[in-house]
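>>> What would the 3D arrangement of this be:
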Amino acid sequence: HLAFWYLLLGPVGFVFFFIPSYLFNHWMFAHINYYCHPEDETGETKAANLTEGWYYKIANVLWFGIYYHGNHHKKPTLFNPRNYAPT
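Modelled structure (predicted):
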């Protein structure tokens, strides 16, 4: 997998494009899973939708409802969990 990207992008492209995007991807995954599973009073975690604040509003538009994580847990196959309508 790494060899493919290295050969495709070359050494400069690999260092300046692949590595930063890989690190950003892992950081976003950790951020979403940490903040979208807050603890309640009993110490249990439950998936939540993050919609308040300028960052979450912009991120949900740019990345198709990525912080609607509670909806994602209810219906994981949705492309945009922001469009989830309970039946």
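>>> how close does the closest residue to His72 other than its chain neighbours sit to His69?
Among residues not flanking His72 along the chain, Pro81 sits closest, at 4.4 Å (C-beta to C-beta, 6 or more residues apart in numbering). For glycine as for every other residue, the C-beta is placed from the backbone atoms N, C-alpha and C. Distance of Pro81 to His69, given as C-beta to C-beta, to the nearest Å: 7 Å.
>>> more crowded one of the two?
More neighbours surround Pro81 than the other of Pro81 and His69, with 22 against 19 (other C-beta atoms under 10 Å).
>>> How much space separates that one from Tyr56?
13 Å.
>>> re earlier: quick check, pLDDT for the residue nearest to His72.
pLDDT, Pro81: 92.
>>> Phi first, then psi, for it.
Note on Pro81: backbone dihedrals following degrees, to the nearest 10 are phi -60, psi -20.
>>> what residues are up against it?
Applying C-beta atoms under 8 Å, 6 or more residues apart in numbering to Pro81 gives the contacts 49, 65, 68-69, 71-72, 75.
>>> List the buried residues for stretch 78-85?
81-82, 84 (16 or more other C-beta atoms under 10 Å).
>>> Correction: the previous question concerned stretch 48-57.
Of the residues in stretch 48-57, those buried (16+ other C-beta under 10 Å) are 48-50, 56.
>>> And for stretch 8-28?
Buried positions in stretch 8-28, judged by neighbour count with 16+ other C-beta under 10 Å: Phe14.
>>> would you list every one of the helices in this structure?
2-13, 19-35, 54-62, 69-74 (DSSP state H).
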